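Novice: Predicted model follows, preceded by the sequence.
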Amino acid sequence: MPRLLTRLAAIFFAVGLFFTSQSLAAPQRAAAADPGYLMLHFTGEGSTGQQMYLSHSADGLHWNDLNDGAPILRSNIGTKGVRDPALVRSPAGDKYWIIATDLCWGCGSTVDGSINNGSRSIVVWESTDLVNWSQPWLLNVAGAIPDGRNAWAPEAIWNPATNDYVLYWATNVPLDGKTKHRIFYARTSDFRTITTPQTYIDRPGTQELIDTQIVEVPAGVGNYRYVRASGDGQITIEGSNSILGTWTNLGNLSGIGLTGAQVEGPMWMKFRDRNEWTLYLDQYASRGGYMPVTTANPSAVGTYQLPASGSFNLGVNKKRHGSILNLTAAEESRVLARWPSTPAKRLQSYNFQDRYVRHANYDVRIDQNVSTSPDSQFRIRPGLAGSGTVSFESVNFPGYFLRHANYDFQLVRNDGTAQFAADATFNQVAGLADATWSSFQSYNHPDRYIRHYAYQLRLDPTTTATARGDATFRVTN
């Protein structure tokens, strides 16, 4: 989470660190059969950047943006923006949650407003397979904190001692009239209800703390079962043998030239093929994006090393504060199949060639002057209901498809039902008015085609020359 306005001054004097350079070399896997890593993140300010993005890596150092760099989930609740997400997997691997800050800077929320009168809730999604996600809901985590002003950067970790999750986040509770973010926690088993919030980390005096993330360390590595990294003016490293027990300050990363005035958003990852961890840190002051700091013992501050120049690459999208999951083979297969490389396309009308199919307020029509609008961009996916068919997924509303209901078209979120799949599936055939173009025959009403009428998209028979022209489109970039 970007710091307060006073920290922005660091941008003007932060040095450009040599290790921000990034190689474009192809990813190298330690073993070809090993599954890789999944990073959940946001990309920046604005209503599009503050949504949910995924990136995949084979080796944990070279990352590729999934879904062609477009968001995979979009919040339609609260501030309608989400930042600082955490990806939580249940111990049994049968359920997943995304938890994120409910905040949209640059699209309605001001910096001061989000600090002193921001959302007290976080945004939550749930899944059973890592690719099909529920509708989001708001979980009020800070409303019961006296004078709590917001809820930022949520994280969660399974606690075997209590058989539930420790959910923790930052809330501003002013001290002597000045902003002071501290870390609070509550327990939860379902991310729908929580226990009464308690103070978790509170630095002395006016020192604030916003970002913290915990990693579990296996036996035999260092002296602590858990290590946490926190941005509190430094990147402070602490160790404990109990998530809710006493934590010992182990030092910070100033010895390798990193302070909280330079980096934030700590994000842990354990390499699968060796006893080595990386702590990804966001070089927010120099706007350099994330870089990996590596160690063979997270609790030994003196062992952390800066990356060699050219040793990592974060892909095209800028990666902002998120979390990394070590994938199983089954998870990786599902994720890569769900978000393959599928370029965005548009559908141009045959008989009104200055108009393209677009959605507006979930209604679908053909419009002019939409060549640069993401509302007119779709990914042509394999048909939801049958092989050899196609479905149209919105680029800027991922998970939403063109679907007919009562022969009218709307952009609708896929609910996973067979009826939805059938209504959103079409056979792509030679254009009814021009065989070099395309027409789209309904999967479950094969006597009807996608066509426009009075500029609105409909599903109609095509018994006239006008109707055949209306039902003919060019798939274009």
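Specialist: Noted; the coordinates are in hand. Nothing here was measured: the structure is a model prediction, and the numbers come from that model.
Novice: And the helices in the protein, which stretches?
Specialist: Per DSSP state H, the chain carries helices over the ranges 10-13, 46-49, 111-116, 329-338, 418-423, 465-470.
Novice: For the residue nearest the centre of the chain, list the residues it contacts.
Specialist: In the chain, the residue lying closest to the centroid (Cα atoms, centre = their mean) is M52, at 2.5 Å. Residues near M52 by Cβ atoms under 8 Å, 6 or more residues apart in numbering: L40, F42, P71, I72, L73, R74, S75, V82, P85, I98, A100, W125. Using the backbone N, CA and C atoms, a C-beta is placed for each residue, glycine as well.
Novice: so what's it scoring on pLDDT?
Specialist: pLDDT, M52: 97.
Novice: How much space separates it from G81?
Specialist: Here M52 is placed at a distance of 11 Å from G81 (Cβ to Cβ, to the nearest Å).
Novice: Now the common contact residues for those two.
Specialist: Common neighbours of M52 and G81 (Cβ under 8 Å, 6+ apart) are S75.
Novice: quick one on the thing from earlier: measure how buried the closest residue to the residue nearest to the centre of the chain other than its chain neighbours is and give me the count.
Specialist: Spatially, and ignoring its direct neighbours in sequence, M52 is nearest to L73 (3.9 Å; Cβ to Cβ, 6 or more residues apart in numbering). Close neighbours of L73, defined as other Cβ atoms under 10 Å, add up to 23.
Novice: Give me the below-cutoff pLDDT ranges for this structure.
Specialist: Within the chain, the ranges that satisfy pLDDT under 70 run 1-33.
Novice: what's the domain layout of it?
Specialist: Domain assignment for the chain by automatic domain parsing gives 5-338, 346-476.
Novice: just to revisit the earlier point, and the helices of the chain as TSV, adding distance to V412?
Specialist: Listed next are the helices of the chain as TSV, based on distance: least, Cβ to Cβ, whole Å:
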stretch	distance to V412
helix 10-13	43
helix 46-49	21
helix 111-116	31
helix 329-338	18
helix 418-423	7
helix 465-470	22
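Novice: what about those, which gets the closest to L281?
Specialist: Of all the helices of the chain, helix 10-13 sits nearest to L281, with 14.2 Å by Cβ to Cβ.
Novice: Need the contact partners of stretch 407-417.
Specialist: 132, 135, 359, 362-364, 384, 394, 397, 399-403, 405, 420-421, 424, 448, 450, 456-460.
Novice: Report the buried residues of it.
Specialist: Neighbour-count burial for stretch 407-417 flags F409, Q410, L411, V412, R413, N414 (criterion: 16 or more other Cβ atoms under 10 Å).
Novice: same thing with stretch 182-190?
Specialist: Buried residues in stretch 182-190 (16+ other Cβ under 10 Å): R182, I183, F184, Y185, A186, R187, T188.
Novice: and what of stretch 397-408?
Specialist: F397, P398, G399, Y400, F401, L402, R403, H404.
Novice: which among the residues you listed gets closest to G233?
Specialist: P398 (37.4 Å).
Novice: Now that closest one: phi and psi?
Specialist: Here is the backbone geometry of P398 (degrees, to the nearest 10): phi -60, psi 140.
Novice: Might one say that it is in contact with I72?
Specialist: Yes. With contact defined as Cβ atoms under 8 Å, P398 counts as touching I72 (5.2 Å).
Novice: roughly how far apart are the residue lying closest to Y362 once chain neighbours are set aside and T372?
Specialist: Leaving aside its sequence neighbours, Y362 sits nearest to L411 (Cβ to Cβ, 6+ apart; 4.7 Å). L411 is 19 Å from T372, where distance means Cβ to Cβ.
Novice: quick one: the residue nearest to Y362 from F378, how far?
Specialist: Going from L411 to F378 by Cβ to Cβ gives 10 Å.
Novice: S394 too?
Specialist: 6 Å.
Novice: Which residues are in contact with each of those two?
Specialist: Contact criterion Cβ under 8 Å, 6+ apart; residues shared by S394 and F378: L402.
Novice: And the contacts of stretch 407-417, which of them are buried?
Specialist: Judged by 16+ other Cβ under 10 Å, buried ones among the contacts of stretch 407-417: 359, 364, 384, 394, 397, 399-403, 420-421, 424, 448, 450, 457-460.
Novice: Can you give me the buried ones in stretch 290-310?
Specialist: In stretch 290-310, counting by 16+ other Cβ under 10 Å, buried: 290-295, 297-301, 304, 306-307.
Novice: of all those residues, which comes closest to R320?
Specialist: Y290 (8.2 Å).
Novice: so that closest one sits right up against L279, yeah?
Specialist: No. Assessed by Cβ under 8 Å, Y290 is found out of contact with L279, at 10.2 Å.
Novice: any common contacting residues for the two?
Specialist: Common neighbours of Y290 and L279 (Cβ under 8 Å, 6+ apart) are M267.
Novice: Count the residues that sit near L244.
Specialist: L244: 14 neighbours (other Cβ under 10 Å).
Novice: how much space between A465 and Y350?
Specialist: In terms of Cβ to Cβ, A465 sits 12 Å off from Y350.
Novice: The closest residue in space to A219 that isn't next to it in sequence and S254, how far apart?
Specialist: Leaving aside its chain neighbours, A219 sits nearest to R225 (7.6 Å; criterion: Cβ to Cβ, 6+ apart). According to Cβ to Cβ, R225 and S254 sit 25 Å apart.
Novice: Out of the buried residues of stretch 407-417, flag the one nearest to H56.
Specialist: So of these, ranked by how close each gets to H56 (Cβ to Cβ), first place is N414, at 21.8 Å.
Novice: Count the residues that sit near I210.
Specialist: I210 has 26 neighbouring residues, counting by other Cβ under 10 Å.
Novice: who touches the closest residue to N117 other than its chain neighbours in this structure?
Specialist: In space, N117 comes closest to R149 once its chain neighbours are excluded; the distance is 6.3 Å by Cβ to Cβ, 6+ apart. Applying Cβ under 8 Å, 6+ apart to R149 gives the contacts I115, N116, N117, G118, A142, T171, N172, V173, P174.
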